[in-house]
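1. Sequence and computational prediction follow.
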Amino acid sequence: MSPLAEAVSEYRAAFTGTWPQTSAPQAVRFVVLDCETTGLDPKRDRIVSIGAVSVTGGEIDLGDTFESLLRVLHNTAATLVHGITRDETREGVGEEEALAGLLRYLRDGVIVGHHIGHDMAMLDAALERHQALGLLNRRLDTGELALLLEADGAFAGHAPLRDLSLDGLCRHFDIVPYDRHTAPGDAFLTAQILLRMLRLAARSGRRTLSALLEQPPRDGRGNGAV
């Protein structure tokens, strides 16, 4: 059995007895994740780097992190965003090795990210290339959670929530955007945003995992820019 196949088996077993939807957020392991990629097409483009950090018990756990730089054969204009050059990626690991490490790290954590649908699509496409099934984790998008909390009136008394981009949410919550556009940096920024939102959610009566995962009403704004 290959290392990835072993990791997939361990990963799938982790979902036996996972958190029920009625769990309090403080009892859940959230894995805040970000991928830097060569582009936006999951079929054609590749993951360049992955960064993740967990949030448990209402705190960021800096002892529970994951980071991987992948070896890629081509680079694109996305280098201007994430700053990782082709020469740097030559020191990276193969895609299969990176995926095996990520699955062992993820286990049944609830994946959180900003525009997390893109990251999940890239990871699912990568797993498919190695004949592995897609991710099973529940997912929480911080842009969608912002819309949900806004509909609850959680931001009443604060400045209007006009910009739903990651930068906009950092400004709204007075978070310094340090190490922006790197996978570990964006994951850590998103984890800080998540903590603030979890506090707002609790004050709004959203005290279960299922309440956080509800779909927000749509107002035409979407989640803003990356």
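-> Cool, the structure landed. These numbers were taken from a predicted model, which means no experiment stands behind them.
2. what comes into contact with the helix or strand hosting Gly63?
-> Assigned by DSSP states H and E, Gly63 belongs to strand 59-69. Counting by C-beta atoms under 8 Å, 6 or more residues apart in numbering, the neighbours of strand 59-69 from elsewhere in the structure are 48-56, 84, 88-89, 91-93, 98, 101-102, 105, 183-184, 188, 191-192, 195. Any C-beta I mention is one placed from the backbone N, CA and C, and that applies to glycine too.
3. List the neighbouring strands of it plus their orientation.
-> For strand 59-69, the paired strands and their directions (DSSP bridges) read strand 47-56 (antiparallel).
4. what's the model's confidence in the strand it pairs with, averaged?
-> The average pLDDT within strand 47-56 is 96.
5. hmm, which of the contacts of strand 59-69 are the buried ones?
-> 48-56, 84, 88-89, 92, 98, 101-102, 105, 183-184, 188, 191-192, 195 (16 or more other C-beta atoms under 10 Å).
6. ok, the spatially closest residue to Glu88 that is not a sequence neighbour - how many residues close by?
-> Nearest in space to Glu88, with sequence neighbours left out and distances taken as C-beta to C-beta, 6 or more residues apart in numbering, is Leu69 at 7.2 Å. Leu69: 20 surrounding residues under other C-beta atoms under 10 Å.
7. do the same with Pro177
-> The number of residues near Pro177, taken as other C-beta under 10 Å, comes to 14.
8. which residues does it contact?
-> Contacts of Pro177 by C-beta under 8 Å, 6+ apart are 166-167, 170, 189.
9. Select from these every entry located in helices.
-> 166-167, 170, 189 (DSSP state H).
10. Could you point out which residue ranges in the protein have low pLDDT?
-> 74-87, 89, 219-226 (pLDDT under 70).
11. isn't there a helix covering Trp19?
-> No: looking at Trp19 with DSSP: H, G, I helix; E, B strand; the rest coil, it is coil, so not inside a helix.
12. contacting residues for it?
-> Counting by C-beta under 8 Å, 6+ apart, the residues that Trp19 touches are 27-28, 108, 110, 209.
13. and the gap between it and Arg138?
-> Trp19 is 9 Å from Arg138, where distance means C-beta to C-beta, to the nearest Å.
14. what residues are shared contacts of these two?
-> Joint contacts of Trp19 and Arg138 (C-beta under 8 Å, 6+ apart) are 110, 209.
15. tell me the contacts of the spatially closest residue to Thr18 that is not a sequence neighbour?
-> Using C-beta to C-beta, 6+ apart and skipping residues adjacent in sequence, the residue nearest Thr18 is Asp108, 4.1 Å away. Applying C-beta under 8 Å, 6+ apart to Asp108 gives the contacts 14-15, 18-19, 29, 136-137.
16. By neighbour count, which of these wins?
-> Within the contacts of Asp108, most neighbours by other C-beta under 10 Å means Asn137, with 21 neighbours.
17. wait, it sits on Ile111?
-> Yes: between Asn137 and Ile111 a contact is recorded at 4.6 Å, counting by C-beta atoms under 8 Å.
18. Overlap in contacts, these two.
-> Val31.
19. Is the residue nearest to Thr18 in a helix, a strand, or coil?
-> Classified using three-state DSSP, Asp108 is coil.
20. ditto for the one 4 residues further on
-> Secondary structure for Val112, judged by three-state DSSP, is strand.
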